[in-house]
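Asks: Sequence first, then the predicted structure:
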Amino acid sequence: MKLSKYIFTLMSLSLITLVGCGSAEEKVEQTEEKVVSTNTDQVQTTEKEITEEPARDLGGLNVTIATWVEVIEPEVKSSAYEEALWEYRHEMMEKHNFTFEEKALAKWNTTLELMSTSVIAGDPAAEIFHISSKYVTTAMVNGLCYDLSTLDELDFDHWKWDSAVIDYMTMHGSTYGIAIDQAPDGFVYFNKRLFEEAGLDGDLPYDLQASGEWTWAAFEEISDQLTKDLDGDGINDTYAINNHTRIFDYALISNGGQMVEIDENRMFLNNINTPENIEAFTWVADYLAKDYDLAPSHGSGQEELFITGKVAMMPHSKSRGLTLQDMEDDWGMVIFPKGPKADDYTVTGTGAGWFIPSTYSPEEAADIAFALNIWTNEPPGYDAEDDWMMEEYKNFRDDRAVEETLAKVREPGVMILNYRFQIPGGVPDGNIYRAIMSNSKTPVEAFEHAVGEYDAVISAANTNHGLKATE
């Protein structure tokens, strides 16, 4: 036996030597070799078969989101991301045997009506309904929505979901609605050239935001330096900000205030006359009295003042940055400065959401949720937690707006819902703003005058939602 093993080894070595000495230009023909060995000193190996779990088959399910803005696949994709997104969606729809569409089946203020009438009739007009923030409470408290927390197909802790919306739509342990990250509101755009001409660093707001020192006091100090009478005629040539009532709302939220609050049953509560709110509106009134702001000459001139360099800063929403792409001067974007009562910066969202009708069976709801989860996924190559930045860079002039400001927005607790936007028809906040801006009332007087109006609007909203005060 030892002799046979020796001969086999020698033949193997000879074969290796011959192949190694062959010309590089020669073609070596490979053949499969069977070696029959004896039982002696043999080590046997077995390959483990790896079986892939069959793909979940949704049986040709068509999922429709009833919304007010139709989403159609573009024939020509505008970016590599868009190409990858639709390629991924088609691949998943084929793999799991389903189709998905977002169709404009109603207006923003009629999707709830479409949902309620069709669900009550036992024939939902869509598998998922996109409900505006002003009507989500009605949908939740009237038994129209499936409890999504009972479904394993949705991971509420995943970074793609808007945690502020999920918190609002979770009531007594049940979660009725969900939404992907929404466009936040509550920022300050700033003109770097005007900062530098005023003797300030063009990135100063970023530095203050990063250090935690971007406060009302810092904002006011900078505003004083930015407001300039360049030719000595007694009239300012450049101003710190544009004149808009938006600053009231931003100051309120940045100081931990809310005009409307909610309880555990989603009852709306009149919250205007609180120390946080009074402090915020008093600060705004004092700030505006110092002539730091410039009003536009026409109704649509707010952005124009900033784009043309008449004002150095513009409080506005994230989406407004899309209108600044052709602006000649470089600009940046930070969160609105925080007030004395706040521990951190704050931005707001509106709180619209997606709802699955309660009439679906657990199996049907699970399949719908499975499809929704896939549809809202980012495609491979863009699906890491920070990959969202890749698509945002093109919307801003510098990286810090994305890597610092928008990254901050995604931290827990920074995004909150402004509950006054949940009130159908809104609240009469404009009366308060105008009274203060015209100096006809102090903030305290304006609040006291508006209490009755707020009570009436909030009571009507609670009644319309089917809510009753807890005894």
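Replies: Yes, it's here.
Asks: Could you use CA atoms for every contact and neighbour count after this?
Replies: OK.
Asks: Leaving aside the residues adjacent along the chain, what's closest to the most centrally placed residue in the chain?
Replies: In the chain, the residue lying closest to the centroid (CA atoms, centre = their mean) is Asp181, at 2.4 Å. Counting by CA to CA, 6 or more residues apart in numbering, Asp162 is the residue found nearest to Asp181 once chain neighbours are left out, at 4.5 Å.
Asks: check contacts around Thr215.
Replies: 337-340 (CA atoms under 8 Å, 6 or more residues apart in numbering).
Asks: again, but for Tyr382
Replies: 81, 388.
Asks: 7 Å instead, please
Replies: Contacts for Tyr382 were tallied using CA atoms under 7 Å, 6 or more residues apart in numbering; they are Trp388.
Asks: Name the SS class of it, please.
Replies: With DSSP: H, G, I helix; E, B strand; the rest coil as the basis, Tyr382 sits in coil.
Asks: So it versus Asn462, what's the distance?
Replies: Distance, Tyr382 to Asn462, using CA to CA, to the nearest Å: 42 Å.
Asks: circling back: just the buried ones from the contacts of Thr215?
Replies: 337-339 (16 or more other CA atoms under 10 Å).
Asks: Would you format these as JSON lines with pLDDT and secondary structure included?
Replies: Formatted as JSON lines, these follow (pLDDT from 0 to 100; DSSP: H, G, I helix; E, B strand; the rest coil):
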{"residue": "Pro337", "pLDDT": "99", "secondary structure": "coil"}
{"residue": "Lys338", "pLDDT": "98", "secondary structure": "strand"}
{"residue": "Gly339", "pLDDT": "98", "secondary structure": "coil"}
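Asks: Dump those to a markdown table, plus distance to Leu85.
Replies: Output for the buried ones among the contacts of Thr215, formatted as a markdown table (distance: CA to CA, whole Å):
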| residue | distance to Leu85 |
| --- | --- |
| Pro337 | 36 |
| Lys338 | 37 |
| Gly339 | 40 |
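Asks: Quickly find the element holding Asn265.
Replies: For Asn265, there is no helix or strand it lies in under DSSP states H and E.
Asks: Now the nearest residue to it once chain neighbours are set aside, what are its backbone angles?
Replies: Distances taken as CA to CA, 6+ apart place Met171 nearest to Asn265, at 7.0 Å, with adjacent residues excluded. For Met171, the backbone dihedrals (degrees, to the nearest 10) come out as phi -140, psi 120.
Asks: tell me, how many neighbours does Met171 end up with?
Replies: Using other CA atoms under 10 Å, Met171 has 16 other residues around it.
Asks: Show me the strands in the stretch 101-250 of the chain, by range?
Replies: Under the criterion DSSP state E, counting those that start in this stretch, the stretch 101-250 of the chain carries strands at the ranges 128-131, 170-171, 174-175, 185-191, 239-242.
Asks: got a markdown table for those strands, with mean pLDDT and distance to Ser79 too?
Replies: Written out in a markdown table, the entries for those read as follows (pLDDT from 0 to 100; distance: least, CA to CA, whole Å):
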| stretch | mean pLDDT | distance to Ser79 |
| --- | --- | --- |
| strand 128-131 | 98 | 27 |
| strand 170-171 | 94 | 36 |
| strand 174-175 | 98 | 35 |
| strand 185-191 | 97 | 26 |
| strand 239-242 | 96 | 35 |
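Asks: Any idea which of those strands gets closest to Glu153?
Replies: Taking CA to CA, strand 174-175 is the member of the strands of the stretch 101-250 of the chain nearest to Glu153, at 13.4 Å.
Asks: List the neighbouring strands of that closest one plus their orientation.
Replies: strand 170-171 (antiparallel) (DSSP bridges).
Asks: Identify all contacting residues around the partner strand.
Replies: With CA under 7 Å, 6+ apart, strand 170-171 has contacts from 176, 264-265.
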